[in-house]
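In: Sequence first, then the predicted structure, then my questions.
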Amino acid sequence: MEKSRVLVVGGTGYIGRRIVKASLAQGHPTFVLMRPEIGLDVDKLQMLLSFKAQGARLVEASLDDHAGLVAAVAQVDVVVSAISGVHLRSHNLLLQHKLVEAIKEAGNVKRFIPSEFGMDPSRMGHALEPGKVTFDEKMELRRAIEEAKIPHTYISANCFAAYFCANLAQMRTVLPPKEIVQVYGDGNVKVIFVDEDDVGTYTIKSVDDPRTLNKTIYLRPNENILTHNEVIAKWEKLSGKVLQKIHIPADKFLASMKDVDFGTQVGIGHFYHIFYEGCLTNFDIKDDEEATLLYPEVQYTNMDEYMKRYV
């Protein structure tokens, strides 16, 4: 079967670059949107040029130029958005709505994967403020996609390993702690960790798969469904050092939301849902919605291997 032509929007981002890599590796004609707003960002330009050297085609268009965006979309079969949500959430939402409008007008796209890649927003209607807005905006975009009858797949990738596992889930750091580790509650809530390169691989695997059409696909690598205590124990075994553990009860953790900046408040809320509530694992899914069962040929990275690079 002929591979779909894939356009990646946000291809220089944290997950976007991995999606580009996976698309090229899996033999798809790969297009990467090059936005003129790149300005003087030499690092991003060099990354784009490296994609080009590997066989990707750079397509110049601004998300603020509707006609140019429609022309870019018209060249491909699949659009994957990996627009970063690190900055202003509402800005991310606006850009993705512009992309939806372009896809709707072009009328040729067989699959659209919006920028989600985290918790399933359809299960987060109860989320704490102020972080609830991040899920509400994703649901708003989903409604726009579905109302436009755009074929789609939503990817729920759970916790990126570098941000949640390698640092033993400690906030405000990406390195493992050296002496003391904070443990959320009793540390026995199951959490799902996924290698970021695997996110790219599974995302691209789904684009031509009729089984994933108009569905949410969950990344649940069985070996990477771990409690906080299990993650800490893995690190202690790898490093040969036992850490002092300080257990943080839920009320104390939530109280830390007071008098901190907006971004930290959002992070605390998300951590609460993940590590205290178990929002990633407290529901069942069907076999045809789980990526590792759909694609058993993919050798995903387990967290023992992932954390070795930090020793």
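Out: Sure thing, it's come through.

In: ok, Val242 - contacts?
Out: Counting by Cβ atoms under 8 Å, 6 or more residues apart in numbering, Val242 touches Glu236. C-betas here are computed from N, CA, C, even on glycine.

In: Test my guess that Val189 contacts Tyr276.
Out: Yes: counting by Cβ atoms under 8 Å, Val189 touches Tyr276, with 6.5 Å between them.

In: quick one: the strands in the stretch 151-300 of the chain?
Out: 153-156, 159-160, 180-184, 190-194, 215-218, 225-227, 244-248 (DSSP state E, counting those that start in this stretch).

In: looking at those strands, which is closest to Ala102?
Out: Smallest distance to Ala102 across the strands of the stretch 151-300 of the chain (Cβ to Cβ): 18.3 Å, for strand 153-156.

In: Return the mean pLDDT over the closest one, rounded to an integer.
Out: The predicted model assigns strand 153-156 a mean pLDDT of 98.

In: what packs against that strand?
Out: Packed against strand 153-156 by the contact rule (3 or more Cβ pairs under 8 Å, 6 or more residues apart in numbering; DSSP states H and E) you find strand 111-113, helix 196-206, strand 215-218.

In: Could you point out the longest helix of this structure?
Out: Ranked by residue count and defined by DSSP state H, the top helix of the chain is helix 89-106.

In: okay, and for the stretch 1-150 of the chain, where does confidence drop off?
Out: 85-90 (pLDDT under 70).

In: so what's the residue most central in space within the chain closest to, chain neighbours aside?
Out: Nearest residue to the geometric centre of the chain (Cα atoms, centre = their mean): Phe117, 2.7 Å. Using Cβ to Cβ, 6 or more residues apart in numbering and skipping residues adjacent in sequence, the residue nearest Phe117 is Ala157, 4.4 Å away.

In: Could you pull up the residues touching that neighbour?
Out: Ile15, Glu116, Phe117, Gly118, Val194, Val199, Tyr202, Leu219.

In: In the stretch 151-300 of the chain, what residue spans correspond to helices?
Out: Taking DSSP state H, counting those that start in this stretch as the test, the helices found in the stretch 151-300 of the chain are 161-164, 196-206, 228-239, 250-255, 262-271, 291-294.

In: So the spatially closest residue to Lys110 that is not a sequence neighbour versus His126, what's the distance?
Out: Among residues not flanking Lys110 along the chain, Asp77 sits closest, at 4.8 Å (Cβ to Cβ, 6+ apart). Counting by Cβ to Cβ, to the nearest Å, the separation of Asp77 from His126 is 37 Å.

In: now Lys132
Out: 8 Å.

In: neighbour-wise, which of those two wins?
Out: Just comparing Lys132 and His126: by other Cβ atoms under 10 Å the higher neighbour count belongs to Lys132, 16 against 10.

In: which ones are touching that one?
Out: Contacts of Lys132 (Cβ under 8 Å, 6+ apart): Met124, Gly269.

In: Likewise for Ser156?
Out: Ser156 is in contact with Glu116, Phe117, Gly118, Met119, Asp120, Thr216, Ile217, Tyr218, Leu219, counting by Cβ under 8 Å, 6+ apart.

In: can you tell me which of those lies nearest to Gly27?
Out: Nearest member of the contacts of Ser156 to Gly27, counting by Cβ to Cβ, is Ile217, at 20.4 Å.

In: circling back: I'd like the strands of the stretch 151-300 of the chain laid out as JSON lines, including distance to Met47.
Out: Shown next, in JSON lines, are the strands of the stretch 151-300 of the chain (distance: least, Cβ to Cβ, whole Å):
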{"stretch": "strand 153-156", "distance to Met47": "22"}
{"stretch": "strand 159-160", "distance to Met47": "19"}
{"stretch": "strand 180-184", "distance to Met47": "34"}
{"stretch": "strand 190-194", "distance to Met47": "22"}
{"stretch": "strand 215-218", "distance to Met47": "27"}
{"stretch": "strand 225-227", "distance to Met47": "32"}
{"stretch": "strand 244-248", "distance to Met47": "38"}
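
In: of all these, which lies closest to Leu69?
Out: strand 153-156 (20.6 Å).

In: Could you check how far the closest one is from the centre of its chain?
Out: 9 Å (Cα atoms, centre = their mean, to the nearest Å).

In: can you tell me the average pLDDT over stretch 194-208?
Out: pLDDT averaged over stretch 194-208 gives 98.

In: I meant stretch 248-258, not that one.
Out: 97.

In: swap in stretch 220-236?
Out: Averaging pLDDT along stretch 220-236 yields 98.

In: from the contacts of Ser156, which is closest to Lys237?
Out: Using Cβ to Cβ, those come closest to Lys237 at Leu219, 24.8 Å.

In: what residues are up against that closest one?
Out: Leu219 sits next to Ile155, Ser156, Ala157, Asn158, Ile192, Val194, Asp198, Val199, Tyr202, Glu290, Ala291, Thr292 when contact means Cβ under 8 Å, 6+ apart.
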